[in-house]
Each structure stands twice: as structure tokens, then as C-alpha cells.
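# Sharing a sequence plus its predicted fold:
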Amino acid sequence: MLRRHARAACTALVAAGMALAGLQAGSAAAAPDARDPHRAPTVRTAAQALGAGSARPELLDAMRRDLGLTHSQALTRLANEAEAGATAARLRLGLGGAFAGAWVDGAEAGTLTVATTRAADTTAIRATGARARLVTHSLTALERAKQRLDRSAGTDAPVRYVDVRANVLVVEETRAGAGARLVEATGVPRELVRVVRTGQAPRPLYDIRGGDAYYMGGGGRCSVGFAVTRGTTQGFATAGHCGRAGTTTSGFNQVAQGSFQGSVFPGNDMAWVAANTNWTSTPYVKGSGGANVQVTGSVLQPVGSSVCRSGSTTGWHCGTVQQHNTSVTYPEGTISGVTRTTVCAEPGDSGGSYISGSQAQGVTSGGSGNCSSGGTTFFQPLNPLLQNYGLTLKTTGTDPGPGPGEPEPGGTWAAGKVYAAGDVVTYGGASYRCLQGHQAQAGWQPPNVPALWQRL
């Protein structure tokens, strides 16, 4: 945790010559438009649907500084990451229990690798343009083993995660022998685990635009994550360790702002603040020099993807996603389901925004190191936070929906609802399965976005 008492955004989509162009071929056939069966809907590629071509120059600048990319490489990487995420999601659904993880590699994220425990799957994986890797342990088996470790872990073995590249469950220990003792005590098979010694223990990053500072009534400073609404109430998502329900806040300008309505920490690290009528939620994150970086959705990106963070102490910094579903034990207790990244952070950055392209990823939880020597940080994914509190992410550029006199086709799909991979909805008389977790919004109806939905 980091509490105290990434320069972002692309301007145009580079579609031609993408290294993952072959992955777009699997984006799913277009279903007939429910309002006019003879007219095909406007079907967007994953890169188009996730706004890979609409991020601002500040994001490109941060990716240049922190990832060593040129302007063109950054644009291509964002497009490739979007396509890779959609392809990996479809393959995960098809592989079922044999799925063992997926990740992107290369400066431009031009290579998607999908792991399986079943040799017969490799041909289908390669047919999508991805590389196939045959491994011993399924992702489900490794994550179940991690859950057993999580129940008994202490601060001397503070971080546990599945390394999909190595097909192993990693335990970081701050004291020699702590990892081995944890594995023995829980009965997890030793061959599933690799123990790594670390000299730094993560701590919370203590001390309405994402990345702006806010101050807690009892003292301390954190950072706004993402602007949200709940009905007519304006507010923002942030880290749970920054305050408890009832804690009052003031904004970056020290003007009275609002109060925490809900907070979970430990267990998770999520909270939201309802603002008073002097504050208005905006669909932006604070970029380099104070420029606005637009937020268009909340699709979680795959391992290896670029990600940038905005915080009130250190501003914009970028890195990559290392592992999802990581567990961290802070002195205050264990949190689970966070994402581990190579982005740096310092006290006061807690609660701040993590964004990939224009897709909101999560809010800063904690980490180790700093932005001078480098470090590791963890973010609380945003979609579970939105779902837990019934919040709607503030986004730009929503689709107007049906025209006058054209009713929305019937079904269970609804804008504003958070969907997890595997959820099934109906829309316009057809059934669809969710491929990538996200909060639905107008314009992302299932027939239009095969990167997010598969027709059954």
C-alpha cells in the first residue's frame, strides 16, 4: 500500500501490417441486425471496439519513455494487444479445462502464445495465428493451489501468483525458508511451486479526474482512480485502504468533495467516494502536463500488455502486466485478485488510475520500490469494484443506440452491467457468451462486438 499523511494515449490506429493481423480473422462472423434481418450490423475489430486508435499523445509519450517504443510501435502495440486479448478469450473458452494461460511478447506485442495441457489443441491454437505451448499444469490447477496458499500465507511470504509463461505457482519470500514452510503446511505439491527470494515487501500506496489528488478528512492523501456515477450521484473509484465508509474527502484544490460510501480492505482493495454537487464526474484520466486522457471502457488486457498509471505523487508511468489474480499479504492482511505490474509508484499514488490504451484497468493498491530505482506495483481490477458497488464508469463517445421509433431489441443484455468471461445473455432473439470481462455500454451490443461476445 502507498498512502501518504504513465504519459498516455494514441491518436490513430495502425491496422495495416499488424503482426497479429491473422488473429482478426477469428473475430466471429457477423450476426444479422435484430432490427433489420437483411442488414448486417456494424461489426468492429477488437482494436476498433476498444478504442486502440483514439488514445491521446500523452500515452504514447509515456510508452516511449518507459517501454522504449516509437510513436508507430506504440500504436501498433495497442492494436495488437486488443486483438490478442480477444483471440485468447475465444481460445480459453474452446480449450476449457486444458487452458493453461496466454500472454503477448515482443516490443509491439506481435506474438500471442496460448498454453494447453492437451497436445491435440495445438493445431487449433496455431490456426488462429497464435503460438501453442504444451505444458504440464492447467491454469485452473495452479490457481486452486494458490488459493490454498493464500489461506495460510503471512507477511514473510507476501506475494503469490501464477506465472503462466513458466507454468508454475510463484511464492515470493522475504525470509529464508518461509515459502517452503508455507507449501509444506498447506500440502500443495512442491512441483507446482517455485520460491523466489525478495528483499522488498509491498505496502499500501497511501499518502473528478483519474490521477488527481484527494485528501482524507482524518489526514493523508491518495489519488482518484476513475470517475463513476451511481444513478444521479457523481463520484470516483479508489483504493479501499485509503478510507472507510464515512471518511470525508477534499479535492486536489482542498475544497470539500464528498465521502467514502463503501470500502473493502483487506480481502480486496476497493472503495468509492460520492461527491457533492460541486463536483462532476468526467471520462478522463490526468495525463502528462495535466492533459486529459480519455476512458472508453474497462476491458481487462492480457499478460504482457502495456499499462500506464496516473498518480498524484509521480504522475504518469508505464510498464507491462506481469500476472493477473495475484495475492498479496500486507501487514494489514491479505488481498486477492489483484494484478501485478512493472509500473513504479510511490506513497500518495494509491487509488490512482491504471489504463491500457483507453481501457480502464484498475486502481493502484500497493507495491515495492520507487520511480527512481524501479519497482513492482499491484492494482485492484476495476470491473469487480464497479459490480460490487453498482457503479457506472464514466466513458467518452457512447453510441446513440437505435434511432427514433426503433426500439432496442429485447433480451437480457443491458448497458451498465458488468459481465465476466463465460456469462451468457440474450439479445435480439440470439444467445451470446461473454469472452472478456467488461462493463457493457451503448454501442457494445453483442452482435456488434465479437471481441467481447460469441454468438451461441
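The structure has been received and is ready for your questions.

# alpha carbons only for contacts and neighbour counts from here, please
Fine.

# so who does residue 273 touch?
Residue 273 makes contact with 235-238, 258-262 under the criterion Cα atoms under 8 Å, 6 or more residues apart in numbering.

# can you give me phi and psi for it?
For residue 273, the backbone dihedrals are phi -120, psi 130 (criterion: degrees, to the nearest 10).

# what does the one 5 residues further on give?
Geometry field for residue 278 lists phi and psi as phi -80, psi -10, criterion degrees, to the nearest 10.

# Next, count neighbours for it.
Around residue 278 there are 10 other residues, counting by other Cα atoms under 10 Å.

# ditto for the one 5 residues further on
Per other Cα under 10 Å, the neighbour tally for residue 283 reads 21.

# That one and residue 209, how far apart?
Counting by Cα to Cα, to the nearest Å, the separation of residue 283 from residue 209 is 7 Å.

# what's the overlap in contacts for those two?
The contact sets of residue 283 and residue 209 overlap at 226-227 (Cα under 8 Å, 6+ apart).

# Show me the contacts of residue 273 that map onto strands.
Among the contacts of residue 273, the members found in strands (DSSP state E) are 235-238, 258-262.

# Okay, buried residues for stretch 66-75 please.
Neighbour counts over stretch 66-75 (16 or more other Cα atoms under 10 Å) mark 66-67, 69-71, 73-75 as buried.

# Any regions of the chain where pLDDT drops low?
Filtered on pLDDT under 70, the chain yields the residue ranges 1-42, 205-207, 397-408.

# which helix is the longest one in it?
helix 71-95 (DSSP state H).

# Let's have the buried residues of stretch 66-75 in CSV, adding distance to residue 352.
Formatted as CSV, the buried residues of stretch 66-75 follow (distance: Cα to Cα, whole Å):
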residue, distance to residue 352
66, 18
67, 20
69, 24
70, 26
71, 25
73, 26
74, 23
75, 24
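
# Buried among the ones in strands among the contacts of residue 273? Make that a ChimeraX selection.
Provided next is the ChimeraX selection string for whichever of these are buried by 16+ other Cα under 10 Å:
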select :235,236,237,238,258,259,260,261,262
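
# Switch the contacts of residue 273 over to a markdown table; also include distance to residue 340.
What follows is those, written out as a markdown table (distance: Cα to Cα, whole Å):
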| residue | distance to residue 340 |
| --- | --- |
| 235 | 26 |
| 236 | 22 |
| 237 | 19 |
| 238 | 17 |
| 258 | 30 |
| 259 | 29 |
| 260 | 26 |
| 261 | 27 |
| 262 | 24 |
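
# With respect to residue 327, which of the residues you listed is nearest?
residue 238 (18.6 Å; Cα to Cα).

# burial of the residue lying closest to the closest one once chain neighbours are set aside, as a residue count?
Nearest-residue entry for residue 238: residue 351, 4.2 Å, with adjacent residues in sequence omitted and distances by Cα to Cα, 6 or more residues apart in numbering. Residue 351 has 45 neighbours, counted by other Cα under 10 Å.

# Same question for the one 10 residues further on.
Around residue 361 there are 28 other residues, counting by other Cα under 10 Å.

# What helices and strands are in contact with the host helix or strand of it?
According to DSSP states H and E, residue 361 maps onto strand 359-370. Secondary structure elements in contact with strand 359-370, counted by 3 or more Cα pairs under 8 Å, 6 or more residues apart in numbering; DSSP states H and E, are strand 2-3, strand 203-206, strand 233-238, strand 353-356, strand 374-381, helix 382-389.

# The closest residue to residue 125 other than its chain neighbours pairs with what?
Distances taken as Cα to Cα, 6+ apart place residue 132 nearest to residue 125, at 5.8 Å, with adjacent residues excluded. Judged by DSSP bridges, the bridge partners of residue 132 are residue 114.

# Which residues are in contact with residue 132?
The contact partners of residue 132, taken as Cα under 8 Å, 6+ apart, are 113-116, 122-123, 125-126.

# Show me which pair in those is furthest apart.
Across the contacts of residue 132, no pair lies farther apart than 113 and 123, at 12.9 Å, counting by Cα to Cα.

# which stretch of helix or strand covers the closest residue to residue 70 other than its chain neighbours?
Spatial nearest neighbour of residue 70, chain neighbours left out: residue 64 (5.8 Å); criterion: Cα to Cα, 6+ apart. Assigned by DSSP H and E, residue 64 belongs to helix 57-67.

# tilt between that helix and helix 71-95?
Relative orientation of helix 57-67 versus helix 71-95 (axes from the mean of the first three to the mean of the last three Cα atoms, to 10 degrees): 80 degrees.

# Show me what helix 57-67 is packed against.
With contacts taken as 3+ Cα pairs under 8 Å, 6+ apart, helix 57-67 sits against helix 71-95, strand 306-311, strand 315-330.

# For it, what is the distance to the chain centroid?
Put simply, helix 57-67 sits 18 Å off its chain's centre (Cα atoms, centre = their mean, to the nearest Å).

# For that helix, buried residues please.
Neighbour-count burial for helix 57-67, with 16+ other Cα under 10 Å as criterion, is recorded at 57-67.

# cool, and stretch 291-308?
Result for stretch 291-308 [16+ other Cα under 10 Å]: buried residues 292-308.

# For it, measure first residue to last.
Using Cα to Cα, the gap from the first to the last residue of stretch 291-308 comes to 14 Å.

# can you check stretch 300-317 too?
Stretch 300-317: ends 18 Å apart by Cα to Cα.

# wait, is residue 180 part of a strand?
No: Residue 180 is assigned helix when assessed by DSSP: H, G, I helix; E, B strand; the rest coil, not a strand.

# Would you agree it is in contact with residue 194?
No: counting by Cα atoms under 8 Å, residue 180 does not reach residue 194; the two are 9.2 Å apart.

# For residue 173, give me phi and psi.
Residue 173 has phi and psi values of phi -120, psi 140 when expressed as degrees, to the nearest 10.

# got CSV for the helices and strands packed on helix 57-67, with distance to residue 242 too?
Shown next, in CSV, are these (distance: least, Cα to Cα, whole Å):
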stretch, distance to residue 242
helix 71-95, 31
strand 306-311, 14
strand 315-330, 14
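
# Need the winner for burial among the ones you listed.
Across the helices and strands packed on helix 57-67, averaging neighbours per residue (mean count of other Cα atoms under 10 Å) puts strand 306-311 on top, at a mean of 31.

# Run the angle between it and helix 57-67 for me.
When the same axes, to 10 degrees is applied, the directions of strand 306-311 and helix 57-67 differ by 110 degrees.
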